[in-house]
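In: output the structure for:
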Amino acid sequence: MQSRFLIRVAYPSSRERSNVARLLTRYKALLRANKTVIMKKYHATGILTGLLLCFGLFFISEDVHAQKYKKLSDTTRLNKEYAQVSLDIANLNSKLISEKNKAADYQSDANSAADRAASSAQKSKDQAATATNGNTSDTRRAVKQAKRANRRANHAKDARADERDNSSRITKLQDQIDKKQKRLSELDKQRDYLMSKSD
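Out: This is a model prediction of the structure:
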């Protein structure tokens, strides 16, 4: 004989279903709110860590660059750095003089290229005006003149760009020399301090 078990399945009522749905939406909202709080916390922590790292590297680099010589045993290292900075200044000064000498050439080249481009453009315009009568040789000459005017205009533009580049190189070299001069004066002060300490 088979025994049959009757399993009764209880379905939730509509009230229970709405309560479950309401609980699920609250749970999802809490998860989203908690996730944004956690993400904001990690984001703020990441920003603070990055800032601290940048400041730390800045101060380390400043300490490495601005070496302080306080003991008499540091005199040889000070003299070595002093000689190196002096050599750097001499090299930068020679480069600066070279660039300043080139500046006059670049300026005269730019001015003459601009004058040649303007005269060539005028000749091209005149040639084009005579070529309108339909003669093929006049047209060919006008085309040649227009190409020549274009080449000269490009040369004038390149000359102006070279002049601007030269000017920026002079400015950069002057800034580098100023930094090296500042370091040299710091080394002079440290040398004076060491010499007064030895007396």
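
In: report the central residue of this protein.
Out: residue 172 (14.3 Å; Cα atoms, centre = their mean).

In: state the distance from that one to residue 96.
Out: Per Cβ to Cβ, to the nearest Å, residue 172 is found 10 Å from residue 96. C-beta coordinates here come from the backbone N, C-alpha and C atoms, glycine included.

In: same question, residue 198
Out: 36 Å.

In: then residue 107?
Out: From residue 107 to residue 96 the distance is 17 Å (Cβ to Cβ).

In: one more: residue 146?
Out: Distance, residue 146 to residue 96, by Cβ to Cβ: 42 Å.

In: and what of residue 117?
Out: Residue 117 is 31 Å from residue 96, by Cβ to Cβ.

In: picking that back up, higher neighbour count, residue 198 and residue 96?
Out: residue 96 (17 against 8; other Cβ atoms under 10 Å).

In: wait, that one sits on residue 170?
Out: Yes - counting by Cβ atoms under 8 Å, residue 170 is a contact partner of residue 96 at 6.6 Å.

In: what's the helix or strand for the residue nearest to residue 69 when sequence neighbours are not counted?
Out: Leaving aside its sequence neighbours, residue 69 sits nearest to residue 78 (Cβ to Cβ, 6 or more residues apart in numbering; 4.3 Å). According to DSSP states H and E, residue 78 maps onto helix 75-130.

In: by contact count, what packs against that helix?
Out: helix 136-198 (3 or more Cβ pairs under 8 Å, 6 or more residues apart in numbering; DSSP states H and E).

In: re earlier: contacts only, for the residue nearest to residue 69.
Out: Residue 78 is in contact with 69, 187, 190-191, 194, counting by Cβ atoms under 8 Å, 6 or more residues apart in numbering.

In: restricted to buried residues, select those in ChimeraX.
Out: Selecting only the buried entries of the contacts of residue 78 in ChimeraX, with 16 or more other Cβ atoms under 10 Å as the criterion:
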select :69,187,190,194
